[in-house]
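# quick check, what structure comes out for this input:
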Amino acid sequence: MSIRAIAVNPENPENFTEIFPETPTPGEYDLRVEVKAASVNPVDTKVHKGAIKNGLQAPRILGWDASGVVLEVGSKVSNFKPGDEVFYAGDLTRPGSNSTEQLVDSRITGHKPESLDWAQSAAIPLTALTAWEGLFERLNLESAKEDQTLLIVGGAGGVGSLAIPLAKLRSKVKIIATASREDSAQWCRDRGADLVINYKDMVGELEKQGIKQVDYIFCLNDTDGHWETMAKLIAPQGHICTIVENEHPLSMDQLKLKSAALHFELMYTRSMFNTPDMARQGEILDAVAALLDEGKLQTTLSETLHGLSVETLTAAHQRVLEGHMRGKVVMVY
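Purely as a prediction, here's the structure:
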């Protein structure tokens, strides 16, 4: 059976096109995977936007979240075999998961949760890795004390939906999440947020609760727009981690006075730079799968589209671009 993929059209980058790539040959650490489902993330729309702006020499296959079945393994792969069910977030520098088959490095791949279906599993990897790395490797939240507070800016999105329960499971902090609509606020409470506030007036809403500062901030949207508020709210010697690149210079005056730290989290750093601890991502995904199978975490799937086509991929991108998603949108192939 030939491979089929939906890619950015180099002749008209605003649109997608159907292509039929050659069957790829796995490298020594690679898995060749039959993709069963893939979710769409903000990174997909950002890379697509870059293609529109900068042009392409050849079709670009997007997609960096998937679940599927291993078809073939590379010569140095020891932890997977053909027939294994896997989930992963992939690598920005390689062809993505909007394809019926894909190569992925085994070291950044996890064993699919047994209790979840393909769509539920595909909703997890990118956001779980981002949440885990941001909370525990950048903010070092597991060392936080019981009287400390974590503010999650953007609690109802894909990353926030996992950051809230992960922080609840693996730390002692009081968790404050932002949401602007009641359904989004309830979504955050259902996942373990101790307090939900409206992001439009974080300072005022926290003051009503007698809170003037927070020890940790995990910013999941609009770093530029929230920067002044975050700099004001962060406690002396506190930590801010953001996953969103800033478009304008950020004033460091408040952070310098407070000896506060700013961290950036990009879950593709390990695969992009082939870091010595690259296999840590596979370990995190296996730990997340265990938490899902134990019922301690829930999938963040909120909408399922069926079929790999130009139409379904276009619709999925549109859902993400609208900016009001709770959880994740997934395409089942």
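# mind giving me the packing neighbours of the strand ranked longest in the chain?
As assigned by DSSP state E, the longest strand anywhere in the chain is strand 30-40. Taking 3 or more CB pairs under 8 Å, 6 or more residues apart in numbering; DSSP states H and E as contact, the helices and strands that strand 30-40 lies on are strand 66-73, strand 85-88, strand 101-105, helix 118-122, helix 310-321, strand 328-332. Just so you know, the C-beta spots here come from the backbone N, C-alpha and C atoms, and that holds for glycine as well.
# how does it look with 7 Å?
For strand 30-40, the helices and strands in contact under the criterion 3 or more CB pairs under 7 Å, 6 or more residues apart in numbering; DSSP states H and E are strand 66-73, strand 101-105, helix 118-122, helix 310-321, strand 328-332.
# what lies in contact with that strand?
With contact meaning CB atoms under 7 Å, 6 or more residues apart in numbering, strand 30-40 is reached by 24, 26, 63, 65-74, 77, 80, 86, 97-106, 109, 118-119, 122-123, 316-317, 320, 328-333.
# give me the buried entries from those.
A residue is treated as buried here by neighbour count (16 or more other CB atoms under 10 Å); on that basis the buried members of these are 24, 26, 63, 65-70, 72-74, 77, 80, 86, 97-106, 109, 118-119, 122-123, 316-317, 320, 328-333.
# shouldn't E228 be within a helix?
Yes - E228 sits within a helix when classified using DSSP: H, G, I helix; E, B strand; the rest coil.
# tell me which helix or strand the nearest residue to it once chain neighbours are set aside sits in.
Beyond its immediate neighbours in the sequence, the residue positioned closest to E228 (CB to CB, 6 or more residues apart in numbering) is S251, lying 7.9 Å away. Using DSSP states H and E, S251 maps to neither a helix nor a strand.
# give me the nearest residue to the residue nearest the centre of the chain, chain neighbours excluded.
Centroid-nearest residue in the chain: T127, 2.5 Å away (criterion: CA atoms, centre = their mean). With sequence-adjacent residues excluded and distances taken as CB to CB, 6+ apart, T127 is closest to G158, at 4.1 Å.
# same check on A144?
Counting by CB to CB, 6+ apart, V173 is the residue found nearest to A144 once chain neighbours are left out, at 4.8 Å.
# mind listing what Q281 touches?
Applying CB under 7 Å, 6+ apart, we find Q281 in contact with I108, L129, R270.
# if I look at it, how far off is G110?
8 Å (CB to CB, to the nearest Å).
# how much space between R94 and G210?
In this structure, R94 and G210 are 49 Å apart, going by CB to CB.
# I meant to write A37 there.
Distance of A37 to G210, computed by CB to CB: 45 Å.
# the two: which is more packed in?
The neighbour comparison of A37 against G210 (other CB atoms under 10 Å) goes to A37, with 26 against 6.
# that one and L126, how far apart?
A37 is 13 Å from L126, by CB to CB.
# ok, now H306?
Computed as CB to CB, the H306 to L126 distance reads 21 Å.
# ditto for V35
Distance check for V35 against L126: by CB to CB, it reads 15 Å.
# kindly report the same for Y333.
Using CB to CB, one obtains 18 Å as the distance from Y333 to L126.
# the helices in the stretch 101-250 of the chain, which residues?
Under the criterion DSSP state H, counting those that start in this stretch, helices of the stretch 101-250 of the chain are mapped to 118-122, 125-132, 158-170, 182-190, 202-208, 223-233.
# among those helices, which is nearest L266?
In terms of CB to CB, the element of the helices of the stretch 101-250 of the chain nearest to L266 is helix 125-132, at 8.2 Å.
# which strands and helices sit next to that closest one?
Contacting helix 125-132 under the criterion 3+ CB pairs under 7 Å, 6+ apart are the following elements: helix 158-170, helix 280-293.
# quick one: that helix to strand 30-40, angle?
If you take axes from the mean of the first three to the mean of the last three CA atoms, to 10 degrees, helix 125-132 sits at 80 degrees to strand 30-40.
# who touches helix 125-132?
41, 64-65, 87-89, 158-159, 162-163, 166, 243, 265, 267, 281, 284-285, 288, 300.
# and the helix or strand of the chain with the lowest mean pLDDT, C-alpha only, in CSV?
Ranked by mean pLDDT, DSSP states H and E, the helix or strand of the chain with the weakest confidence is helix 42-54, at a mean of 91. Output of helix 42-54 as CSV, limited to C-alpha atoms (Å, rounded to 0.1, in the frame of the first residue of the first chain):
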residue,chain,number,x,y,z
PRO,A,42,-0.4,25.7,17.7
VAL,A,43,3.0,24.6,16.4
ASP,A,44,1.4,23.2,13.3
THR,A,45,-0.3,26.5,12.5
LYS,A,46,2.9,28.5,13.3
VAL,A,47,5.1,26.3,10.9
HIS,A,48,2.3,26.7,8.3
LYS,A,49,2.3,30.4,8.7
GLY,A,50,6.1,30.4,8.3
ALA,A,51,5.7,28.5,5.0
ILE,A,52,3.2,31.0,3.8
LYS,A,53,5.5,33.8,4.6
ASN,A,54,8.8,32.3,3.5
